[in-house]
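A.B. asks: Here is a sequence with its predicted model. Questions after.
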Amino acid sequence: QVQLVESGGGLVQPGGSLRLSCTSSGFALDYYAIGWFRQAPGKEREGVSCIGASDGSTYIADSVKGRFTISRDNAKNTVYLQMNSLKPDDTAVYYCAADVNRDNIWDSWGQGTQVTVSS
């Protein structure tokens with residue numbers, strides 16, 4: 001099973017930036033579509049962004065469009081989520097996930113990283 005590890009979360013003031021990283025030891029992430037999701041307390045999990053395996057196509061949710069960017073660094077075996085102009089509503093646990101079987105199902109998940117946007 002692909003094991004994913006997120007990092008880069010923390011406390012940031014409104015308007016600030018964070019860059020989240022999703023890495024894996026032992027698995028080449030460039031073989032898989034990778035998605036970023038978030039879940040705030042009392043809310044359902046929300047898809048934020050994803051990047052394709054073969055063509056590198058990307059998707060960004062309307063709620064973060066223009067502020068968040070997803071990218072890959074295959075040399076570092078890492079997928080990033082650059083988050084700018086953060087708002088308190090962005091506060092959530094952020095997870096990355098992999099479509100391991102290439103069947104449009106997110107079947108491998110990291111443990112999550114907390115992002116808190118507060119003054």
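C.D. replies: Yep, that arrived.
A.B. asks: got a list of what the closest residue in space to Gly52 that isn't next to it in sequence touches?
C.D. replies: Once flanking residues are discounted, Gly52 sits nearest to Ala33: 5.2 Å by Cβ to Cβ, 6 or more residues apart in numbering. From N, CA and C alone the C-beta is placed, and that goes for glycine too. The contact partners of Ala33, by Cβ atoms under 8 Å, 6 or more residues apart in numbering, come to 50-53, 98-99, 102.
A.B. asks: Just give me the closest of those to Val2.
C.D. replies: Ala98 (5.0 Å; Cβ to Cβ).
A.B. asks: And the strand or helix carrying the closest one, what does it pack against?
C.D. replies: According to DSSP states H and E, Ala98 maps onto strand 92-99. The helices and strands touching strand 92-99, judged by 3 or more Cβ pairs under 8 Å, 6 or more residues apart in numbering; DSSP states H and E, are strand 5-7, strand 18-23, strand 33-39, strand 78-83, strand 108-109, strand 113-117.
A.B. asks: how near is the spatially most central residue of the chain to Phe27?
C.D. replies: For the chain, Trp36 is the residue whose C-alpha lies nearest the centre (Cα atoms, centre = their mean; 2.9 Å). Applying Cβ to Cβ, to the nearest Å, the value for Trp36 to Phe27 is 17 Å.
A.B. asks: where does Arg102 land on pLDDT?
C.D. replies: On the pLDDT scale, Arg102 is placed at 87.
A.B. asks: what pLDDT does Gly56 get?
C.D. replies: pLDDT, Gly56: 80.
A.B. asks: Let's verify it: helix, strand, or coil?
C.D. replies: When classified by DSSP: H, G, I helix; E, B strand; the rest coil, Gly56 comes out as coil.
A.B. asks: Also Pro41?
C.D. replies: Assignment for Pro41 (three-state DSSP): coil.
A.B. asks: Just list the residues touching Ile60, thanks.
C.D. replies: Ile60 makes contacts with 48-49, 68-70, as judged by Cβ under 8 Å, 6+ apart.
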